[in-house]
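J.: Sequence plus predicted model, see below.
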Amino acid sequence: MREHQSDENYRTRVGAQRREKTRNRLIESALGVFAEKGADAPLIEDFIAAAGVARGTFYNYFRTTGELLSAVAGESSDEVLAVIDPLVREVKDPAGRVARGSRLYMLMARRYPLWGAFITRVGTKRGSRGQLLDAYLTRDLTMAIEQGRFSVANVVVARDVALGTIMYGIETLLSGDAPPDYAEQAMYAVLQAFGLDADEARQIAYAPLVECSAPQGAIFERIEASVEAK
């Protein structure tokens, strides 16, 4: 009896690991497909070809390409924020938190241009709205407004300004036309728009950044592997 239960438990674990591995392969491969073709152009055939799975296997995990898109956007962004947010929370001043987190997120996209291209192509609807980036920014913006650091009446307005700056900023950084201190200039402008005087805004926007480690997880492991292979 115990041997039978042990065999069943083993098969259950192996099956779960296999399903997770297949789902990860779909998500990892999808990142490259979306970055190359954009959010709306890819067909299911593109994804099953890139992942090396059958059409029926795809539908075991995702009902539509849009559902896959949301999964890739959310999980890849969360992997980035897992290494960024602990550095953000080291800063006591909420204005400094907003600037540090925004700069690190933009610079991470420049460090991993495949991910940066993807996150800008999917747009804010799937790339940030309702994701951890949205939640963390709203957290720090709320603190800044409540403490009188930012002169903005509504945190939703502040969030949209910040998210818009980050997303458009990533696109500009990847275009090759951005100055070396683009992320700092962007934050300098945003902080002034939120009510800080020019001197303080510049000090915060250009504050030294701590070293940010590489994101961990299936998606960025795949990105690192593709970069090393080149």
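T.: On my side now, so go ahead.
J.: Can you name the residues that contact Pro179?
T.: Gln185 (CB atoms under 8 Å, 6 or more residues apart in numbering). Quick note: C-beta positions are derived from backbone N, CA and C, even for glycine.
J.: In terms of helices and strands, where is it?
T.: Element membership for Pro179 (DSSP states H and E) is empty, with no helix or strand holding it.
J.: do Arg97 as well
T.: Using DSSP H and E, Arg97 sits within helix 94-111.
J.: and that helix, which residues are buried?
T.: 94-109 (16 or more other CB atoms under 10 Å).
J.: quick one, helices of the protein?
T.: 2-37, 44-51, 55-61, 65-88, 94-111, 113-127, 132-146, 155-175, 182-193, 198-205, 218-229 (DSSP state H).
J.: for those helices, which one sits closest to Glu211?
T.: helix 65-88 (8.9 Å; CB to CB).
J.: residues near Leu132, how many?
T.: Around Leu132 there are 17 other residues, counting by other CB atoms under 10 Å.
J.: Start the count at 755 instead of 1 going forward.
T.: Done: numbering now begins at 755, and the last item shifts to Leu886.
J.: ok, now which ones touch it?
T.: Gly828, Ser831, Asp832, Leu835, Asp839.
J.: among those residues, who's most crowded?
T.: Going by other CB under 10 Å, Ser831 tops these with 25 neighbours.
J.: how close does the closest residue to Val845 other than its chain neighbours get to Ala907?
T.: Spatially, and ignoring its direct neighbours in sequence, Val845 is nearest to Arg851 (4.8 Å; CB to CB, 6 or more residues apart in numbering). Distance of Arg851 to Ala907, computed by CB to CB, to the nearest Å: 20 Å.
J.: And Tyr890, by the same measure?
T.: Taken as CB to CB, the span from Tyr890 to Ala907 is 21 Å.
J.: can you check Leu945 too?
T.: For Leu945 relative to Ala907 (CB to CB), the value is 17 Å.
J.: Neighbour count for the two, which is higher?
T.: Just comparing Leu945 and Ala907: by other CB under 10 Å the higher neighbour count belongs to Leu945, 26 against 9.
J.: Touching, that one and Gln957? I think so.
T.: No: using CB atoms under 8 Å, Leu945 makes no contact with Gln957, being 9.6 Å away.
J.: which parts of stretch 833-842 are buried?
T.: Applying 16+ other CB under 10 Å to stretch 833-842 flags Glu833, Val834, Leu835, Val837, Ile838, Asp839, Leu841, Val842 as buried.
J.: before we move on, the earlier item: give me the average confidence score over the helix holding Arg851.
T.: Average pLDDT, helix 848-865: 95.
J.: can you check stretch 826-839 too?
T.: Here the average pLDDT along stretch 826-839 is 87.
J.: what about dumping the CA coordinates of it to CSV?
T.: Taking C-alpha atoms only, stretch 826-839 is exported to CSV below (Å, rounded to 0.1, in the frame of the first residue of the first chain):
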residue,chain,number,x,y,z
VAL,A,826,5.0,37.0,-20.1
ALA,A,827,4.6,40.7,-19.2
GLY,A,828,3.7,40.1,-15.6
GLU,A,829,6.3,37.4,-14.8
SER,A,830,9.2,39.1,-16.5
SER,A,831,8.4,42.5,-14.9
ASP,A,832,8.0,40.7,-11.5
GLU,A,833,11.5,39.1,-11.9
VAL,A,834,13.0,42.6,-12.5
LEU,A,835,11.2,44.1,-9.5
ALA,A,836,12.3,41.3,-7.3
VAL,A,837,15.8,42.6,-7.4
ILE,A,838,14.9,46.3,-7.7
ASP,A,839,12.4,46.8,-4.9
